[in-house]
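Colleague: Please work out how this folds:
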Amino acid sequence: MFFPLLKSPGCAAHFACRKASWTVLWLISVGLFFPLWVGYAQPESGLTRDRFVWIFGWDLSRDQDVAEISKVLETAGRSGFNGAVIACGLDTLSKRDHDFFRRLDRVQSACQSNRLELIPSFFSIGYGGGALSIDPNLAEGLPVSEAPFVVENAEGHFVSDASAQLKNGGFEDFDGNRFRSFAFVDDPGKVSFVDSEIKHSGRASLRLQNFTENPYGHGRVMETVRVVPHRCYRVSLWVKPENLQPASAFRCFALGGDRDLAPREFHLPTTGDWQKVSFIFNSLTNTTVNLHTGIWGGKSGRLWLDDWQVEDAGPVNVLHRPGTPVRVCSENGAEKYVEGRDYAPLTSPDFNVWRGDSTPAVLKILPGSRIHDGDHLRVSWYHPLLLNDSQVTVCMAEPELYEIFEREAQLLIEHLHPRRVLLGTDEIRMGGTCQACGHRDMAELLGECVTKQEQILRRYAPDLKVYVWSDMFDPHHNAHGDYYLVHGDFTGSWKYVPQDVVMAVWGGEPNPKSLQFFRDNGFSVLASCYYDADNLDAVKAWIEMTRPMKNVRGFMFTTWERKYDLLPGFGKLLD
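Modeller: Reported below is the predicted structural model:
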């Protein structure tokens with residue numbers, strides 16, 4: 001599946017040509033030479049031991065990806081870097097075709113030509129796309145408990161909660177520029193207006209503009225709605241932007257107390273026609289939820305809102321794995337029914353963990369079942385949740401996750417022979433909510449996850465060096481309680497990971513508390529900074545701060561927007 005002659009990242013082709021004898025070169029040409037590791041000349045200590053560049057934003061689906069990545073690698077090689085940390089779908093090699101491996105071969109060759117060690121970054125937990133592409137049921141699940149179903153014509157149908165509704169979501173009830181029934185609407189007649197000319201439906205919409213009239217640039221609307229605890233709801237809204245600056249100022253979310261029940265990002269155009277935005281959320285233990293939408297920190301332009309709705313979503317994207325069982329019982333709970341005997345699996349016909357608009361599942365009653373037409377049932381299940389733009393977390397307690405990791409890790413090592421890897425343990429924003437992990441200490445579970453991953457990797461590469469993103473092991477970052485939708489606490493997670501793991505401490509501005517914390521707790525550190533600024537001032541501050549810290553192995557130029565213009569200057573700062 002993978003065809004490079006020189007697989008070792010430390011054995012660059014041009015370096016071998018200079019140093020190898022003609023005999024060795026002939027053996028290489030006929031495929032009889034097994035490449036050995038040839039290490040790079042690196043300092044034994046200090047800030048320049050690791051000089052890495054983060055390669056992100058390509059998936060090797062096009063030949064053009066290789067050309068663009070190679071250009072960055074050439075710049076990195078000329079600028080004194082010695083490693084390229086590459087994230088491009090390397091955790092699903094079992095699913096890749098010949099073209100992917102051909103392109104990966106070319107990227108590896110480009111690393112070798114530029115004396116860069118190829119360091120795979122793979123297997124994210126918080127952004128579980130790799131594992132989920134193999135089994136989407138590994139998504140962390142939120143519980144829906146004892147939802148009512150009624151059986152008719154051998155099918156059990158969900159009975160929705162009619163009490164959850166927005167009284168004036170169509171923006172039809174108003175007096176002048178004041179809309180009735182909402183808890184608040186910002187600055188009627190100054191920022192918020194009734195518009196009877198431009199609307200999605202009905203006789204009016206809400207128009208927001210003049211954002212600088214509000215001291216914070218806000219143009220918001222909020223209403224409190226009643227919900228049933230442990231239910232899945234869908235919020236939808238039609239929006240129309242016009243010269244909106246910044247377009248990212250638009251938000252739509254649900255708060256249960258102070259907790260955002262479904263943190264999401266909606267990428268509106270600056271100007272566009274009416275478009276629908278929607279998301280699902282789980283009510284958790286709440287009986288009321290505050291629904292918010294509008295503009296936060298707007299500068300200019302206009303935005304219309306219309307047909308704002310909330311509805312009981314029912315059984316969408318029902319998960320099926322040991323830790324997310326479906327339970328069906330009689331209305332009074334006395335009779336427990338059995339899948340395969342009384343009913344068929346409760347499956348969504350268009351199951352997709354990254355979408356909230358899937359068709360609700362229907363409970364199919366089997367011949368000979370103890371369930372009959374007219375019966376009222378109580379059904380419980382678990383569903384995944386999309387966070388932000390594309391984030392779906394996997395459950396760290398499900399054994400199948402590590403079976404997948406073992407297969408993929410073996411393939412990765414066989415194809416690339418890496419000396420180091422970076423594990424994707426950052427921003428784990430869900431957990432502790434399904435039966436597999438609900439009884440676990442989340443800090444211990446996270447440490448156990450990393451420990452298992454390291455053990456698996458070293459079965460195939462005993463001397464492999466493992467790096468991890470640091471935030472989930474850092475009490476000054478994300479290793480704490482009350483973190484997004486996690487039920488539990490990550491405090492103390494650093495106590496459960498092997499001390500030889502290198503912490504990739506990340507951020508734009510330098511973080512002295514984090515650096516000192518890992519130093520005091522005996523961890524080596526890779527300072528992963530830059531973050532798409534217009535200059536390297538923050539990087540200079542990172543370097544000065546880390547200079548006296550003996551546990552700092554080096555630096556990684558880290559961009560999330562493929563901004564590599566400052567890469568040469570970054571390299572000079574490390575000289």
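Colleague: per the record, what domains does this protein have?
Modeller: 41-121+501-512+523-575, 123-141+385-498, 142-160+315-383, 174-312 (automatic domain parsing).
Colleague: Need these in a markdown table (columns: mean pLDDT, mean neighbour count and distance to residue 167).
Modeller: Where you see a C-beta, it was placed from the backbone N, CA and C, and this is true even at glycine. What follows is those, written out as a markdown table (pLDDT from 0 to 100; neighbours: other CB atoms under 10 Å; distance: least, CB to CB, whole Å):
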| stretch | mean pLDDT | mean neighbour count | distance to residue 167 |
| --- | --- | --- | --- |
| domain 41-121+501-512+523-575 | 93 | 19 | 41 |
| domain 123-141+385-498 | 97 | 20 | 26 |
| domain 142-160+315-383 | 96 | 17 | 17 |
| domain 174-312 | 97 | 18 | 4 |
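Colleague: Including distance to residue 166, could those go into a markdown table?
Modeller: As requested, the domains of the chain are exported to a markdown table (distance: least, CB to CB, whole Å):
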| stretch | distance to residue 166 |
| --- | --- |
| domain 41-121+501-512+523-575 | 36 |
| domain 123-141+385-498 | 21 |
| domain 142-160+315-383 | 15 |
| domain 174-312 | 6 |
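Colleague: Out of these, which gets nearest to residue 168?
Modeller: domain 174-312 (4.0 Å; CB to CB).
Colleague: How far does that closest one stretch from one end to the other?
Modeller: In domain 174-312, first residue to last residue: 26 Å (CA to CA, to the nearest Å).
Colleague: I'd like the distance from it to the chain centre, please.
Modeller: 25 Å (CA atoms, centre = their mean, to the nearest Å).
Colleague: And for stretch 327-337?
Modeller: Using CA atoms, centre = their mean, the offset of stretch 327-337 from its chain centre is 36 Å.
Colleague: Which residues lie in contact with residue 317 in this structure?
Modeller: Each residue near residue 317 by CB atoms under 8 Å, 6 or more residues apart in numbering is listed here: 348, 351, 352, 353, 355, 356, 358, 383, 384.
Colleague: Out of those, which is nearest to residue 372?
Modeller: Within the contacts of residue 317, the smallest distance to residue 372 is 24.6 Å, found for residue 348 (CB to CB).
Colleague: For residue 411, which three-state class applies?
Modeller: Of the three states, residue 411 takes helix under DSSP: H, G, I helix; E, B strand; the rest coil.
Colleague: Which residue is the nearest non-sequential neighbour of it?
Modeller: Excluding the flanking residues, the one nearest residue 411 by CB to CB, 6 or more residues apart in numbering is residue 93, at 4.2 Å.
Colleague: before we move on, what about residue 184?
Modeller: Nearest non-adjacent residue to residue 184 (CB to CB, 6+ apart): residue 222, at 5.5 Å.
Colleague: What strand or helix carries the one you found?
Modeller: Counting by DSSP states H and E, the element that carries residue 222 is strand 219-226.
Colleague: Tell me which other helices or strands that strand touches.
Modeller: Using 3 or more CB pairs under 8 Å, 6 or more residues apart in numbering; DSSP states H and E, the elements in contact with strand 219-226 are strand 184-185, strand 288-295, strand 300-312.
Colleague: Can you tell me what sits against the helix or strand following the first one?
Modeller: What that stands for is strand 184-185. Under the assignment DSSP H and E, the closest C-terminal helix or strand after strand 184-185 is strand 192-195. Defining contact as CB under 8 Å, 6+ apart, one finds that strand 192-195 is touched by 171, 174, 176-177, 179, 185-186, 204-209, 219, 221, 304.
Colleague: Using PDB, list the CA coordinates for strand 192-195.
Modeller: Output of strand 192-195 as PDB, limited to C-alpha atoms (Å, rounded to 0.1, in the frame of the first residue of the first chain):
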ATOM      1  CA  SER A 192     -33.800  46.200  16.900                       C
ATOM      2  CA  PHE A 193     -36.700  46.900  14.500                       C
ATOM      3  CA  VAL A 194     -39.900  45.300  13.200                       C
ATOM      4  CA  ASP A 195     -39.600  44.800   9.400                       C
END
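Colleague: still on that earlier bit, continuing past the strand holding residue 222, what's the next helix or strand?
Modeller: strand 232-245.
Colleague: List the strands paired with that following strand, with their directions.
Modeller: Strands that pair with strand 232-245, judged by DSSP bridges, come out as strand 275-282 (antiparallel), strand 300-312 (antiparallel).
Colleague: Dump it to CSV, restricted to CA.
Modeller: This file holds the C-alpha atoms of strand 232-245, laid out as CSV (Å, rounded to 0.1, in the frame of the first residue of the first chain):
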residue,chain,number,x,y,z
CYS,A,232,-33.2,16.1,22.9
TYR,A,233,-34.4,19.4,21.4
ARG,A,234,-33.8,21.0,18.1
VAL,A,235,-33.6,24.8,17.6
SER,A,236,-34.0,26.3,14.2
LEU,A,237,-33.9,29.9,12.9
TRP,A,238,-33.9,31.7,9.5
VAL,A,239,-31.4,34.5,9.1
LYS,A,240,-30.5,36.9,6.3
PRO,A,241,-27.3,39.0,6.6
GLU,A,242,-26.5,42.2,4.6
ASN,A,243,-23.0,43.7,4.8
LEU,A,244,-22.7,42.2,8.3
GLN,A,245,-19.4,43.0,10.0
